[in-house]
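structural data only, the sequence is not supplied:
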């Protein structure tokens, strides 16, 4: 703690309520998060298992865990949940996704798998139509990243294409469930859907994770913000 400046120490020691840390690149924001977690464990007697740290890369999560281990015991550091948004959602869905009509042994589709499935769904819906696939893929990506409901889907000005995108999106959801498959965007959207649909599940995770810290918070997209 002595190596931190007064503002950093204040951020570490302010443990209740919402705290937003604003600072330039390389100024020690991650160091503050590491010390804050260690402070919660060592000085506030907070259970490590009730702390959640979300990052944008697996490398960042691993480095944070290693740095925490130098300030508290390795055993305590390993009890802290440190992961990317997607890895965190994956763990939740492996336990809870049966509530949404999938099985826990779902398959994770990559970009190539998704393009192939979207193409298949689009061709089944509008056999022979000369419609470009790229705007559909782009629109679906936007819908998922922003966590949009049907009434808020983006409008292109082309009513025919907008209706086509809507129908493809709905059929795609059905096809993914039939294949028991998710893509990376679905890890987030389905976790939010799970929490919205089953308040008891949300309560469980809210009770478990009492302290949540997010590295590079400014990079969160709308669906990550909802989560």
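That came through fine. All values reported here derive from a predicted model rather than from experimental measurement.

and residue 21, how many neighbours?
The number of residues packed near residue 21 is 19, by other CB atoms under 10 Å. C-beta here means a position set from N, CA and C on the backbone, and glycine is covered the same way.

that one and residue 32 touch, don't they?
Yes: using CB atoms under 8 Å, residue 21 makes contact with residue 32 at a distance of 6.1 Å.

what do those two both touch?
Residues touching both residue 21 and residue 32 by CB atoms under 8 Å, 6 or more residues apart in numbering: residue 11.

mind listing what's buried in the lowest-mean-pLDDT helix or strand in the chain?
Every helix and strand in the chain was compared by mean pLDDT, DSSP states H and E; the lowest is helix 133-146, with a mean of 82. Buried residues in helix 133-146, defined by neighbour count with 16 or more other CB atoms under 10 Å: 136-137, 139-140, 143-144, 146.

quick check, nearest of those to residue 111?
Proximity of the buried residues of helix 133-146 to residue 111 (CB to CB) peaks at residue 137, which lies at 9.2 Å.

and the nearest residue to that closest one once chain neighbours are set aside, what helix or strand is that in?
Excluding its sequence neighbours, the residue lying closest to residue 137 (CB to CB, 6 or more residues apart in numbering) is residue 118, at 6.1 Å. Here residue 118 sits within helix 111-125, counting by DSSP states H and E.

before we move on, the earlier item: buried ones in the helix or strand following the least confident helix or strand of the chain?
The helix or strand immediately downstream of helix 133-146 is helix 159-179, counting by DSSP H and E. For helix 159-179, the neighbour count (16+ other CB under 10 Å) marks 161-162, 164-165, 168-169, 171-172, 175-176 as buried.

against which helices or strands is helix 159-179 packed?
On a contact count with 3 or more CB pairs under 8 Å, 6 or more residues apart in numbering; DSSP states H and E, helix 159-179 meets helix 111-125, helix 133-146.
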